[in-house]
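> whatever this is, show me its structure:
(2 chains)
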Protein chains: 2
Amino acid sequence: MFNYTATYTDLYQLTMAQAYFFHGQKDNIAVFDYFFRKLPFEGGYAIFAGLEDILDILQDIRFDRDDLDFLRTKGFKPEFLKFLEQFRFTGTIWSSLEGDVVFPVRPVLQVEALIIEAQIVETIILNVLNFQTLIATKASRMRLAAGENTLIDFGLRRAQGPGGYYASRACFVGGFNATSNVAAGRNYGIPVSGTMAHSYIESFDDELKAFSHFAEGQPEGCVLLVDTYDTLDSGLPNAILTAKMMEEKGQRLFGIRLDSGDLAYLSKQCREILDRAGLNYVKIASSNQLDEHIIKSLLEQQAPIDVFGVGTSLVTGAPDAALDGVYKLAFSGGKPRIKISENVKKITLPHRKQVFRVLDDDGRFAGADAVTMNTEQDVDIMYHPLFPDKSLAIGGKRKEPLLHKIVEGGRRLSPSTSLEEIARYSTERLKLLPEEYKRFNYPHVYKVGISGLLRNERDRLIAEKEV
Amino acid sequence: MFNYTATYTDLYQLTMAQAYFFHGQKDNIAVFDYFFRKLPFEGGYAIFAGLEDILDILQDIRFDRDDLDFLRTKGFKPEFLKFLEQFRFTGTIWSSLEGDVVFPVRPVLQVEALIIEAQIVETIILNVLNFQTLIATKASRMRLAAGENTLIDFGLRRAQGPGGYYASRACFVGGFNATSNVAAGRNYGIPVSGTMAHSYIESFDDELKAFSHFAEGQPEGCVLLVDTYDTLDSGLPNAILTAKMMEEKGQRLFGIRLDSGDLAYLSKQCREILDRAGLNYVKIASSNQLDEHIIKSLLEQQAPIDVFGVGTSLVTGAPDAALDGVYKLAFSGGKPRIKISENVKKITLPHRKQVFRVLDDDGRFAGADAVTMNTEQDVDIMYHPLFPDKSLAIGGKRKEPLLHKIVEGGRRLSPSTSLEEIARYSTERLKLLPEEYKRFNYPHVYKVGISGLLRNERDRLIAEKEV
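Residues are numbered from 1 along each chain as shown, chains lettered A, B, ... in the order given. Below you'll find the model as predicted:
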């Protein structure tokens, strides 16, 4: 839907690329790590999302004539523009699988490519993965709060422009059942869903007429909005009349929707009245500024709500609004590379790497991911990235490597994974994460460590720079 | 760049449209108001943005064959799909001018159209205007903080996917000078700007070599990033050597960039050292998690920073991440309409309306906007929308009507306004807003009232519904 052209990048990627081009780095192979430093929403985990989209984008990325004409006016040199005309992404990508549970510091995705290519695609990789990972994580938290109840994305109207299109996709990765977003539903195969707005009811002189016309036209999955005038005095009685008319035709009203007022109180009242009217099959949907905390609280209050329609906080990832993912150089010109910082937390990890997840005897995640050099097959002790005295013995434990080679020479090594499969995988993986990491308040910290080899290499490079 | 198809909407808009179509509302004319209820960022004003984009979108909006095929699979009826095939937006739009200073409650834009059309375009209108108004407002606050210094949007990598494209546009409306976003720069004519990344420096074995190659290739506007290893011990001395080499060729280094550490301390140190080296023309740029509050604080500390590169908080509008704009029915079927709510703040205003801004004798904004029926030519007293006893005499004062008819029968009444003109207009308008409304902490509240006629109409409709 969005034309992710090669110019959807920061200008400096192109000025740097030109400098590489003219100064002996045309053939230089570099390795960059994509990772983030801070978990969003003060939570204990994140859900990795956006990978399939970025693979599609990288496969097609190029500069068209208009792009090149524009760059010419910005002073880029003819020889370099000629090179850009042929530009394709021909690199290799190792990555976590989309939908996996991921943690800070460790590489989530690793790009090995000509440094010019790796640099030009940096911005798009960050743009797509940061956003979708943020939203999938938010959605996953709502799924934890909602249990088996139905979750529908209603966020499009408050989404960040066309970001809403990809937000709907990420919501599905994170465990949502459906979206109101028709375009995303159509293109990504997400179930689409929707009820009616207050304006619809108001446009008829009579609420009952508005309901019955609607039910007549679309009896399947019909949900009536009951709070336009007065939920208990008007909306609900009219919905019950409509349900009874539908019963006469052998149809069933699917549900009612509450969009204002105290949702705990009103849902209980509505449930009781519906049940008394013999309509225990009619579901109760609710919306209005929901987030994971409100959903959790409503269900703790035993609000009999079956369907939650969630909008703004879901598709914008409020209050965080962004994941702090970065893309850092780890290898270039045949040598490992590092970024030094006064802030020791910002010192990067050199070399091509692998990440091992330690598993319990029953196959669940054991609370430890170890980052190693890519040449290591196993790791016995992992060290805290900042405090060398802090270490954890993980020898003899089952481990799984998390980074898989998925693109080589610019081509996918296996067919694309469907969104449904990704969502299913994400659900399974989240089940393997113990409860204490899923808590909303002060979740347990999942440990990410580095191997002794990697630590030594990092310290050696720091010492070199500081001489 | 983003293909805003007619299916970039909520499903319920289409199910409601179908209900209107089959139940006597095919020719019904409706009026909807776009407005918001809460100012973002706990600020005193908002900057209206996104209008030109939405006008372009509405001019082209239609359902293509794929859209219709998809809707067929969702159970929409053939007769209605045939209607959608011919669907165009043929309505009338009154609006505030893009870039204007706007306040809550009052209509910012008003759509009068066949109710089916007005409903189908609701989601896109909300999606575009909510987002761009949020970002233009954030950008404008940074402009207030930065004074005459240069502001550059560096946000693309943390933007909400393709939202970053429109964010860059809105930043320019709100007073930014340039963007790093090449695609937005190209398509919207925004100046593009950029420096270099740490990875560029690291990819050379030698910082000085990295600098001098870069300066050789692009001496115009060259900005060197000085904090890769050590700002004062390495980056700055190497930048000074590079500047001296450039001087020998008759060139001038444009600036240095600080991206970490204490920006106030480092900028002062760098300024002093640069000046001592005879490089007082070299500018200091800074970046790293800036927002309006940090920019303000840096300048209060007299940090000699000339250029601010701002990212995440700017393009995502964090911490708010969304503007709460809504689109409410005001007129339909020949009658004024209203939405009642337990929450009196959520009761809507009926009828076609106009908004008058009261001006001081010197032409500045006098702290009062009055919402009237569109038939009123002037207004002498405006009433608080919630407390009928609170009123303000505004008779005899100069006023300007804020809603202009800009689209009729689906066609623009005047040619489109360039982004530069919009940004210039916004700057001028913001100058007319007194300082106390621009304060970051507890700004003065700009009063929005309603005319006596409108108040009476609203109260009459409430009484009717409550009988």
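> switch to C-alpha atoms for all contacts and neighbour counts from now on
Will do.
> how about A:Q377, secondary structure?
Under DSSP: H, G, I helix; E, B strand; the rest coil, A:Q377 falls in the coil class.
> ramachandran angles for it?
Dihedral pair for A:Q377: phi -90, psi -20, per degrees, to the nearest 10.
> spell out which parts of the stretch 151-300 of chain A neighbour chain B.
Residues of the stretch 151-300 of chain A lying close to chain B by C-alpha under 8 Å from any C-alpha of the partner chain are A:154, A:156-163, A:165-166, A:180-184, A:186, A:192-200, A:202-203, A:213-214, A:217-218, A:228-229, A:261.
> switch to 7 Å and redo it
With C-alpha under 7 Å from any C-alpha of the partner chain as the criterion, the stretch 151-300 of chain A meets chain B at residues A:156-163, A:180-183, A:186, A:192-196, A:199-200, A:202-203, A:213-214, A:217, A:228-229, A:261.
> please enumerate the helices of the stretch 251-400 of chain A.
In the stretch 251-400 of chain A, the helices defined using DSSP state H, counting those that start in this stretch lie at A:263-276, A:292-300, A:312-316.
> tell me which of those is the most buried.
helix A:312-316 (a mean of 29; mean count of other C-alpha atoms under 10 Å in any protein chain shown).
> other SSEs contacting that helix?
Counting by 3 or more C-alpha pairs under 7 Å, 6 or more residues apart in numbering or on different chains; DSSP states H and E, the packing neighbours recorded for helix A:312-316 are helix A:122-146.
> contacting residues for the closest residue to A:F365 other than its chain neighbours?
In space, and not counting its chain neighbours, A:F365 is closest to A:L359: 4.8 Å by C-alpha to C-alpha, 6 or more residues apart in numbering or on different chains. For A:L359, the contact set (C-alpha atoms under 7 Å, 6 or more residues apart in numbering or on different chains) comprises A:F365, A:A366, A:K397, A:R398, A:K399.
> how does it look with 10 Å?
A:L359 makes contact with A:F365, A:A366, A:G367, A:A368, A:D369, A:I394, A:K397, A:R398, A:K399, A:E400, A:L432, according to C-alpha atoms under 10 Å, 6 or more residues apart in numbering or on different chains.
> now do A:E420
Residues counted as contacts of A:E420 (C-alpha under 10 Å, 6+ apart) are A:F172, A:V173, A:G175, A:Y188, A:G189, A:I190, A:S426.
> tell me which of those fall in helices.
Counting by DSSP state H, the part of the contacts of A:E420 found in helices is A:F172, A:V173, A:Y188, A:S426.
> the second one: how many residues sit nearby?
The reference is to A:V173. If you count neighbours by other C-alpha atoms under 10 Å in any protein chain shown, A:V173 ends up with 33.
> sorry, back to before: out of the residues of the stretch 151-300 of chain A next to chain B, which are inside helices?
A:G163, A:V182, A:A183, A:R186, A:S199, A:Y200, A:E202, A:S203, A:H213, A:F214, A:G217.
> so the last one sits against B:F80, correct?
No - when contacts are counted by C-alpha atoms under 10 Å, A:G217 is not listed as touching B:F80 (11.2 Å).
> what touches both of these two?
With contacts taken as C-alpha under 10 Å, 6+ apart, A:G217 and B:F80 have B:Q18, B:A19, B:F22 as neighbours in common.
> phi and psi next, for the spatially closest residue to the first one that is not a sequence neighbour.
Excluding its sequence neighbours, the residue lying closest to B:Q18 (C-alpha to C-alpha, 6+ apart) is B:F80, at 6.4 Å. Backbone geometry at B:F80, expressed as degrees, to the nearest 10, gives phi -70, psi -40.
> what sits against B:F80?
Taking C-alpha under 10 Å, 6+ apart, we find B:F80 in contact with B:L14, B:A17, B:Q18, B:A19, B:F21, B:F22, B:R72.
> okay, A:E466: pLDDT?
For A:E466, the model assigns a pLDDT of 71.
> and the closest residue to A:E202 other than its chain neighbours, how many neighbours?
With C-alpha to C-alpha, 6+ apart as the criterion, A:E202 has its nearest non-adjacent residue at 6.7 Å, and that residue is B:R337. Neighbours of B:R337 under the rule other C-alpha under 10 Å: 28.
> pretty sure B:R337 sits against B:V31.
Yes - counting by C-alpha under 10 Å, B:R337 touches B:V31, with 9.2 Å between them.
> return every residue with contacts to both of the two.
Taking C-alpha under 10 Å, 6+ apart as the contact rule, B:R337 and B:V31 both touch B:K328, B:L329, B:A330, B:F331, B:P350, B:H351.
> any chance of these in CSV, with pLDDT too?
Below are those laid out as CSV (pLDDT from 0 to 100):
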residue, pLDDT
B:K328, 97
B:L329, 96
B:A330, 97
B:F331, 97
B:P350, 97
B:H351, 97
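> tabulate the helices of the stretch 251-400 of chain A (a markdown table), appending mean pLDDT.
Shown next, in a markdown table, are the helices of the stretch 251-400 of chain A (pLDDT from 0 to 100):
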| stretch | mean pLDDT |
| --- | --- |
| helix A:263-276 | 98 |
| helix A:292-300 | 98 |
| helix A:312-316 | 98 |
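> what about these, which gets the closest to A:D56?
helix A:312-316 (22.1 Å; C-alpha to C-alpha).
> so A:D320 sits against A:T137, correct?
No - A:D320 is beyond contact range of A:T137, at 11.5 Å (criterion: C-alpha under 10 Å).
> more crowded one of those two?
Between A:D320 and A:T137, counting by other C-alpha under 10 Å, A:T137 is the more crowded of the two (30 against 21).
> mind exporting the C-alpha coordinates of stretch A:152-162 to PDB?
C-alpha atoms of stretch A:152-162 as PDB (Å, rounded to 0.1, in the frame of the first residue of the first chain):
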ATOM      1  CA  ILE A 152     -10.700  -6.100  17.700                       C
ATOM      2  CA  ASP A 153      -8.500  -3.300  16.500                       C
ATOM      3  CA  PHE A 154     -10.600  -0.100  16.100                       C
ATOM      4  CA  GLY A 155      -7.600   2.300  15.900                       C
ATOM      5  CA  LEU A 156      -7.500   3.600  12.300                       C
ATOM      6  CA  ARG A 157      -9.000   7.000  13.000                       C
ATOM      7  CA  ARG A 158      -6.400   7.900  15.500                       C
ATOM      8  CA  ALA A 159      -3.500   6.000  13.900                       C
ATOM      9  CA  GLN A 160      -0.400   8.000  12.700                       C
ATOM     10  CA  GLY A 161      -1.600   8.400   9.100                       C
ATOM     11  CA  PRO A 162      -0.700   5.400   7.000                       C
END
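> next one: the closest residue to A:H293 other than its chain neighbours from A:K249, what distance?
Nearest non-adjacent residue to A:H293, counting by C-alpha to C-alpha, 6+ apart: A:A145, 7.4 Å away. Counting by C-alpha to C-alpha, to the nearest Å, the gap between A:A145 and A:K249 amounts to 37 Å.
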